[in-house]
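>>> Sequence first, predicted coordinates after that:
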Amino acid sequence: MNPGPDQTPYKTLVDLADQMLEDCEDDVVCLAVRLDGIDEGVRNELLVSDLLNAWQVFWYWFRTDPGILLREQMDLEPASALPAGLRLCDIDLLELFFTIQDNRPWIIVWDGEKAVSSFNGRTAYGDAIAFCANLQP
């Protein structure tokens with residue numbers, strides 16, 4: 001991987017991620033604090049790289065625990081899958097997707113044919129869950 005003009009050299013990202021993961025082990029709270037403390041451009045590169053997993057990035061953006069099944073599912077997915085969108089779960093006939101677009105986290109509510117709503121920011125996951133609950137009879 002050759003860095004573009006605005007990209008951090010891959011070895012630098014690897015070294016930084018390795019150090020943070022070694023220091024924090026499996027503690028996503030610690031990792032989020034470390035990510036908050038680095039340059040925004042470098043952080044944005046890490047948050048969509050193969051060096052972190054989707055669960056670590058989910059926690060970083062939303063600071064909420066979606067439950068063990070979703071944690072385990074996201075633990076197996078690299079953060080690099082997030083720009084394309086990662087299906088999280090079904091709520092009745094709706095699906096929730098987690099994506100990163102323009103360095104911002106989104107939870108998209110999908111009805112199988114189209115996005116019916118989207119949520120951004122720290123409360124996006126909870127807002128999407130509430131939206132789906134409010135649609136139910």
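Received it, and whenever you're ready, just let me know what you need.
>>> where along this protein do the strands fall?
86-91, 94-101, 104-110, 115-120 (DSSP state E).
>>> give the contact list for the nearest residue to residue 116 once chain neighbours are set aside.
Nearest residue to residue 116, sequence neighbours excluded (Cβ to Cβ, 6 or more residues apart in numbering): residue 109, at 5.1 Å. C-betas here are computed from N, CA, C, even on glycine. Contacts were defined as Cβ atoms under 8 Å, 6 or more residues apart in numbering; by that measure residue 109 touches 94, 95, 96, 115, 116, 117, 118, 119, 128, 131, 132.
>>> And residue 71, by the same measure?
Contacts of residue 71 (Cβ under 8 Å, 6+ apart): 55, 65.
>>> what's the lengthiest helix in the chain packed up against?
Longest among the helix segments of the chain by residue count, using DSSP state H, is helix 10-24. Here helix 10-24 touches helix 28-36, helix 40-46, going by 3 or more Cβ pairs under 8 Å, 6 or more residues apart in numbering; DSSP states H and E.
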